[in-house]
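**Q** attaching a predicted model along with its sequence, questions to come.
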Amino acid sequence: MTELPLIGEAVAVAADAPGARRLAGARIGVVTFPGTLDDRDAARAVRLAGATPVALWHADTELGDVDAVVIPGGFSYGDYLRAGAISRFAPLMSRIIDAANSDAKLPVLGICNGFQILTESHLLPGSMIKNDHLKFMCRDQVLRVENNSTDWTLDYTAGQEITVPLKNQDGQYIADEKTLDALEAEGRVVFRYVGFNPNGSRRDIAGISNTAGNVVGLMPHPEHAVEVGFGPQSLDGIGGTDTDGLGFFTSVLNKIVGANK
């Protein structure tokens, strides 16, 4: 993967910072499907956090030696049938499903279309349908961190409000009441929309996790909020900074480093 120069005052792990060498040794896979749009953005976020992004192709049959996987946003296979429905059957997804469910519990983050793919793969419960207003939505969105104990949210605090971009057409999260009650009771609602529900998602849910907390999916795009001057500012005094999304990627790196001590 070609190295990109840092732009602006990027928040990245300093080369001489404690643990930087171990962080740089972490390898985070970023999956590309036909129609994926945000793979390079996700790879950049991984690099800014201090790790090494590894390009993975949907037709690959092996994950290689990656420590975690990001399934980025886009419109895989043009969202034919349903968003993420075809991608679920890609050869690489079989490897990801097995690794996520294994004793090793590979950390997996699904962003937007990636979240849709995770529900289609049954790594996460529920489903995604058209926004309730039937329009494409693009805006900076305030989220509340409901669960900061997953592999991808360790660097946040419970109740923290962050601002990250959101852009989707099939972003309405739905599930039956029994599933929704279970997600609430088990603390598996990881993010909730604050101030405005942009797509009609049940109970304002923006992101959820599996039981183990190694698999997280959300509709908004944290990879677009990782650099000073190139991300959303706080909305009406609510939420944080341009780099609110960077915590996803530093969280999983700290998880990996801690597990490898």
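**A** Ah, there it is.
**Q** do a quick rundown of the helices in the stretch 51-200 of the chain.
**A** Assigned by DSSP state H, counting those that start in this stretch, the stretch 51-200 of the chain shows helices spanning 91-101, 113-120, 177-185.
**Q** can you list the residues that contact the shortest one?
**A** If you take C-beta atoms under 8 Å, 6 or more residues apart in numbering as the criterion, helix 113-120 is touched by 31, 36, 70-76, 79, 82-85, 87-88, 93, 108, 110, 124-128, 170, 207, 215, 217-219. C-betas here are computed from N, CA, C, even on glycine.
**Q** follow-up on the earlier one: any chance of TSV for the helices of the stretch 51-200 of the chain, columns distance to residue 49?
**A** Shown next, in TSV, are these (distance: least, C-beta to C-beta, whole Å):
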stretch	distance to residue 49
helix 91-101	20
helix 113-120	17
helix 177-185	27
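**Q** can I get stretch 107-115 in CSV, CA atoms only?
**A** Only the C-alpha atoms of stretch 107-115 are listed here, as CSV (Å, rounded to 0.1, in the frame of the first residue of the first chain):
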residue,chain,number,x,y,z
PRO,A,107,-11.4,-7.6,16.5
VAL,A,108,-13.6,-6.6,13.6
LEU,A,109,-15.0,-3.1,12.9
GLY,A,110,-17.8,-2.6,10.3
ILE,A,111,-18.4,1.0,9.2
CYS,A,112,-21.6,1.9,7.3
ASN,A,113,-21.7,-0.7,4.5
GLY,A,114,-19.3,-2.7,6.7
PHE,A,115,-22.0,-2.6,9.4
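**Q** do a quick rundown of the strands in this structure.
**A** Secondary structure of the chain by DSSP state E: the strands cover 27-32, 52-57, 68-71, 108-111, 127-129, 137-145, 161-168, 172-174, 189-193, 205-209, 215-218.
**Q** nearest to residue 246, out of these?
**A** strand 161-168 (10.1 Å; C-beta to C-beta).
**Q** check which residues of stretch 116-129 are buried.
**A** The neighbour-count check on stretch 116-129 (16 or more other C-beta atoms under 10 Å) flags 116-121, 123-129 as buried.
**Q** cool, and stretch 88-97?
**A** Result for stretch 88-97 [16+ other C-beta under 10 Å]: buried residues 88, 90, 92, 93, 95, 96, 97.
**Q** now that we have the contacts of helix 113-120, which of them are buried?
**A** Buried, going by 16+ other C-beta under 10 Å: 31, 36, 70-76, 79, 83-85, 87-88, 93, 108, 110, 124-128, 170, 207, 215, 217-219, out of the contacts of helix 113-120.
**Q** hmm, back to that, what would the strands of the chain look like in CSV with mean pLDDT and distance to residue 152?
**A** Formatted as CSV, these follow (pLDDT from 0 to 100; distance: least, C-beta to C-beta, whole Å):
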stretch, mean pLDDT, distance to residue 152
strand 27-32, 97, 11
strand 52-57, 96, 16
strand 68-71, 98, 9
strand 108-111, 98, 5
strand 127-129, 92, 19
strand 137-145, 94, 11
strand 161-168, 94, 13
strand 172-174, 97, 17
strand 189-193, 98, 8
strand 205-209, 98, 8
strand 215-218, 98, 5
